[in-house]
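Peer 1: how would this look folded up:
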Amino acid sequence: MKIREFGVEMWMNAYENHCQLNLAETCVASVTLNELTRLSGRNDDALSELMERPMTYGAIEGAPRLRDAIATLYTGQTQGNIVTTHGTIGANALIYKTLVHPGDHVVAIRPSYQQHYSIPESQGAEVSALHLREEDGFLPDLDALKALLKPNTKLVSLTNPNNPTGALMDADYLKQLVETVAPTGAYILSDEVYRGTEQGSDQITPAMADLYAKGISTAGMSKAFSLAGLRLGWIAAPKDVIAQVMIHRDYDTISMGQLDEYFATMALEAKDALLARSRQITRANLATLDAWIAQEPRLSYIKPQAATICLLKYDMDIPSHDLCVALLEQTGILLTPGSAFDMEGYLRIGFANHPHILEEGLPKLSAFLRQYDEA
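Peer 2: Next up, the predicted model:
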């Protein structure tokens, strides 16, 4: 299987560990295990429970208690509709491996996480791109989507909240999207790893798995739950899809780690506390970012409605990759070039890291941009 290099991951692999101020971070500031036990109302006994536990394989489909906790994030899912995976990235890969075959047609809403178009392309599927536009607030044009659908469309893929724009399809918009796709019988795969970071409401946006009989939702512990180190994700899908996924999953996963599942269960059983923390950080940081952008004549953006990232459009005659390398070398600040998403002329910034990183980084970024004004 020949596949394109994963643009954003290649960038992060090369530079993430060599910066002083990470403004490319996509996770809400990570919690420590001490913070997790405090937020979940536990104490040191929570860790002592692990000391006598045999480190054998965990439950193959995922610990029942964990899958019950995951199901509480949805309105129509039960333990039987859930299987755990190696992060959301593993969940997405399993869905494509299971459902998409040579000759199938896939519609991928872009920009998006590159998995959602490069994997089906590598599997011999025909992939049609539905490009998001600034003038639409980076929301998909549903008439354009309808025009792309074919009799052999197997799957429509999207990220909601969107990565990298931070755009959010609300309940009404999602229902219209489902009505557009449903007559074809295609699956809709919604990567919802940023779900729970909504800016305008404490209500979590509906999940695709709850809205559509052939809807599939993937998510994980990394973004809104600040626990990327667990490498724990999941698929929420119809039971027949889960059964098909399990055939493929047996070849590359067997089970998730018991420690990962233990801490993920602890977090999800205290999800309200963790999500409240995430909302506090993302909303305060976005206010800081919004005020800063208003003062920057070379930058503009569509203010994100959710997620932890957004795109900055810049007015400079320099490729985004070169701009980001120069920024890193001169200031120690890491951003992600738009070219990693096939969005030249943009930069992706993360605004959910510890607040002091944003507060320290933005003035340095301003000073860097002033060089171009002077030139």
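Peer 1: List the contacts of the closest residue to residue 332 other than its chain neighbours.
Peer 2: Nearest-residue entry for residue 332: residue 20, 3.1 Å, with adjacent residues in sequence omitted and distances by C-beta to C-beta, 6 or more residues apart in numbering. Any C-beta I mention is one placed from the backbone N, CA and C, and that applies to glycine too. Residues near residue 20 by C-beta atoms under 8 Å, 6 or more residues apart in numbering: 331-333.
Peer 1: who's in contact with the closest residue in space to residue 337 that isn't next to it in sequence?
Peer 2: Leaving out its chain neighbours, the residue that sits closest to residue 337 by C-beta to C-beta, 6+ apart is residue 320, at 3.6 Å. Neighbouring residues of residue 320 by C-beta under 8 Å, 6+ apart: 314, 337-339, 344-347.
Peer 1: can you rerun that using 7 Å?
Peer 2: Under the criterion of C-beta atoms under 7 Å, 6 or more residues apart in numbering, the neighbours of residue 320 are 337-339, 344-347.
Peer 1: Then residue 80?
Peer 2: Contacts of residue 80 (C-beta under 7 Å, 6+ apart): residue 239.
Peer 1: Distance check, it against residue 185.
Peer 2: 23 Å (C-beta to C-beta, to the nearest Å).
Peer 1: which stretches of this structure have low pLDDT?
Peer 2: 375 (pLDDT under 70).
Peer 1: longest helix anywhere in it?
Peer 2: Scanning the chain for the helix with the most residues, using DSSP state H, yields helix 271-293.
Peer 1: If we go by neighbour counts, what in it is buried?
Peer 2: For helix 271-293, a neighbour-count test (16 or more other C-beta atoms under 10 Å) marks 271, 274-275, 277-279, 281-282, 285-286, 289, 292-293 as buried.
Peer 1: for that helix, the distance to its chain's centre please.
Peer 2: Helix 271-293 sits 16 Å away from the centroid of its parent chain (C-alpha atoms, centre = their mean, to the nearest Å).
Peer 1: And the next helix or strand past it?
Peer 2: strand 299-300 (DSSP states H and E).
Peer 1: Okay, buried residues for the helix or strand following that next one please.
Peer 2: Per DSSP H and E, the first helix or strand lying C-terminal to strand 299-300 is strand 309-314. The neighbour-count check on strand 309-314 (16+ other C-beta under 10 Å) flags 309-312, 314 as buried.
Peer 1: out of those, which one sits closest to residue 159?
Peer 2: Nearest to residue 159 among the buried residues of strand 309-314, counting by C-beta to C-beta, is residue 309 at 10.8 Å.
Peer 1: is it true that that closest one touches residue 350?
Peer 2: Yes. Taking contacts as C-beta atoms under 7 Å, residue 309 lies within contact range of residue 350: 5.0 Å.
Peer 1: and for these two, which residues touch both?
Peer 2: Listed contacts common to residue 309 and residue 350 are residue 26; contacts here mean C-beta under 7 Å, 6+ apart.
Peer 1: mind listing the strands for the stretch 101-250 of the chain?
Peer 2: 105-110, 126-131, 153-159, 187-191, 215-220, 233-236 (DSSP state E, counting those that start in this stretch).
Peer 1: Now do the last one: which elements does it pack against?
Peer 2: What it means is strand 233-236. strand 82-85, helix 87-99, strand 215-220 (3 or more C-beta pairs under 7 Å, 6 or more residues apart in numbering; DSSP states H and E).
Peer 1: For the nearest residue to residue 200 once chain neighbours are set aside, grab the count of nearby residues.
Peer 2: In space, and not counting its chain neighbours, residue 200 is closest to residue 305: 6.4 Å by C-beta to C-beta, 6+ apart. The tally of other residues near residue 305 (other C-beta atoms under 10 Å) stands at 24.
Peer 1: Tell me who's in contact with residue 305.
Peer 2: Neighbours of residue 305 in contact, by C-beta under 7 Å, 6+ apart: 166-168, 199-200.
Peer 1: Pull out the buried residues from those residues.
Peer 2: 166-168, 199.
Peer 1: Those residues: which two are farthest apart?
Peer 2: 167 and 199 (11.3 Å).
Peer 1: Give the residues shared as contacts by the two.
Peer 2: With C-beta under 7 Å, 6+ apart, residue 167 and residue 199 have common neighbours 304-305.
Peer 1: Which parts of the protein are helices?
Peer 2: 7-15, 33-39, 45-48, 64-71, 87-99, 115-122, 142-148, 171-181, 208-211, 239-252, 258-268, 271-293, 320-331, 355-374.
Peer 1: Dump the buried residues of strand 309-314 to TSV, plus distance to residue 262.
Peer 2: Listed next are those as TSV, based on distance: C-beta to C-beta, whole Å:
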residue	distance to residue 262
309	29
310	34
311	37
312	39
314	44
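Peer 1: what's the closest of those to residue 52?
Peer 2: residue 309 (41.4 Å).
Peer 1: check contacts around that closest one.
Peer 2: Neighbouring residues of residue 309 by C-beta under 7 Å, 6+ apart: 26, 163-164, 166, 348-350.
Peer 1: Redo these as JSON lines? Include distance to residue 135.
Peer 2: Putting those into JSON lines (distance: C-beta to C-beta, whole Å) gives the following:
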{"residue": "26", "distance to residue 135": "26"}
{"residue": "163", "distance to residue 135": "20"}
{"residue": "164", "distance to residue 135": "17"}
{"residue": "166", "distance to residue 135": "16"}
{"residue": "348", "distance to residue 135": "20"}
{"residue": "349", "distance to residue 135": "21"}
{"residue": "350", "distance to residue 135": "25"}
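Peer 1: about what we covered before: what is the nearest of the contacts of residue 305 to residue 241?
Peer 2: Nearest member of the contacts of residue 305 to residue 241, counting by C-beta to C-beta, is residue 168, at 25.0 Å.
Peer 1: For the closest one, which residues are in contact?
Peer 2: With contacts defined as C-beta under 7 Å, 6+ apart, residue 168 is in contact with 160-161, 198, 205, 305-306.
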